[in-house]
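J.: Here is a sequence together with a model predicted from it:
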Amino acid sequence: MGLVSLMGFTLASCGDDDDEPNGPVFSGEPSTEHVFNEGLPANVDGATFTTNEKGQLTKMVDGTNTVTFEYGSFSPSKAHNFTVLMKDRDSQYPSEGSDIYMELNSQGFVSYAYQVDVNGEDEPDEWWFEYNANGQLTRLKRSEGGDDFKITYTNGDITKVVQDEEDGDHREYTINYTNTDFKTTVANKGCLMLFDDFFQVDMDEMGVAYYAGLLGKSTKNLPMGYVESSMEGSSSYTYTETYHWVFNANNLPTKFWRGDYDYDAVTFAW
């Protein structure tokens, strides 16, 4: 169990609102301030963030890897109105990396993304995103592998994720918000959304864009595990995973891991 008594988790969750579980959606120029009520974490698993005077994420540095964000007008394709450019580079591999151009919807979140490898060796990759009225991601489609994720919410929390792939594989994840350590829900005070680690929504390079406030709003509460039901070819199976959390005195997460061992834990500093 986390370091803080469960008594402390009666605080309002991220963007809590009587009518809208995740608060009203800002429509306009993107900013981390529209998504992170407590501000961006100072550090996520060693990665640090830099924002400009508008609260927009301009740079994330993780070891030798640097991701930068530019805001303006970009035109690799006349069919789309790209207003954000995310560049991913690693100083150890200067000839590799990618540029991802993003088109935003009226909520200020990414609706379409187009990735180009700087070395020109691979075909461009594409993402399509959909959101609900509260600005939470409800669907992600991706050209690579034909991945199609459909996300269901109940009272501001993701309760089910359905993944279909081009090869016919089908997976369903039922998300739990309590477990044996946390018998009541824990508010997502830090507005964290690790789509892959928390909800099995594999975004690959696009996952970083959440820290820029570009992939919608977080869940109301923190997930505590999931049950997976999968069909791969003629085989099916069910798998259960449990999450573990540690919190600081302000009820903000400082550590997250899955399963029985914390060797792959994600750490947070605020």
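T.: Ah, there it is.
J.: residues near the residue nearest to Phe109 when sequence neighbours are not counted, how many?
T.: The spatial neighbour of Phe109 that comes closest, neighbours along the chain excluded (C-beta to C-beta, 6 or more residues apart in numbering), is Gly216 at 5.0 Å. In this view, the C-beta of every residue, glycine as well, is placed from N, C-alpha and C. Neighbouring residues of Gly216 were enumerated by other C-beta atoms under 10 Å; the total is 25.
J.: Verify the stated contact: Gly216 with Gly108.
T.: No. The pair Gly216 and Gly108 fails to qualify as a contact (C-beta atoms under 8 Å) at a distance of 9.4 Å.
J.: next structured bit after the longest strand along the chain?
T.: In the chain, with assignment by DSSP state E, the single longest strand is strand 235-247. The C-terminal neighbour of strand 235-247 among helices and strands, as given by DSSP states H and E, is strand 253-258.
J.: Identify all contacting residues around that following strand.
T.: 2, 190, 192, 194, 197, 222, 225, 241-248, 262-270 (C-beta atoms under 8 Å, 6 or more residues apart in numbering).
J.: let's see it at 10 Å
T.: Taking C-beta atoms under 10 Å, 6 or more residues apart in numbering as the criterion, the residues outside strand 253-258 that touch it are 2-4, 41, 45, 186, 188-190, 192, 194, 197-198, 222-223, 225-226, 241-248, 262-270.
J.: Tell me if I'm right that Arg175 and Thr152 touch.
T.: Let me fix one detail, which is that residue 175 is Ile and not Arg. Yes. In this structure, Ile175 is within contact of Thr152 by C-beta atoms under 10 Å, at 9.2 Å.
J.: Is there a neighbour count for Ala265? I'd like the number.
T.: Around Ala265 there are 14 residues (other C-beta under 10 Å).
J.: contacting residues for it?
T.: Ala265 is in contact with Asp45, His244, Val246, Thr254, Lys255, Phe256, Trp257, Arg258, counting by C-beta under 10 Å, 6+ apart.
J.: For the fifth one, the count of nearby residues, please.
T.: The local packing count at Lys255 equals 17, with neighbours defined by other C-beta under 10 Å.
J.: Repeat that for the fourth one.
T.: Neighbours of Thr254 under the rule other C-beta under 10 Å: 20.
J.: With Lys59 as the reference, measure out to it.
T.: 23 Å (C-beta to C-beta, to the nearest Å).
J.: Turn the contacts of Ala265 into TSV, columns for distance to Glu70 and pLDDT.
T.: Written out in TSV, the entries for those read as follows (distance: C-beta to C-beta, whole Å; pLDDT from 0 to 100):
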residue	distance to Glu70	pLDDT
Asp45	24	96
His244	37	98
Val246	36	98
Thr254	32	98
Lys255	33	98
Phe256	30	98
Trp257	34	98
Arg258	34	96
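J.: got the contact list for Val227?
T.: For Val227, the residues meeting the contact criterion (C-beta under 10 Å, 6+ apart) are Glu172, Tyr173, Thr174, Ile175, Asn176, Thr238, Tyr239, Thr240, Glu241.
J.: try 8 Å this time
T.: Tyr173, Thr174, Asn176, Thr238, Tyr239, Thr240, Glu241.
J.: so what's it bridging to?
T.: Each beta-bridge partner of Val227 is listed here, defined by DSSP bridges: Thr174, Thr240.
J.: Show me the strands in the stretch 151-270 of the chain, by range?
T.: 157-164, 170-176, 225-232, 235-247, 253-258, 266-269 (DSSP state E, counting those that start in this stretch).
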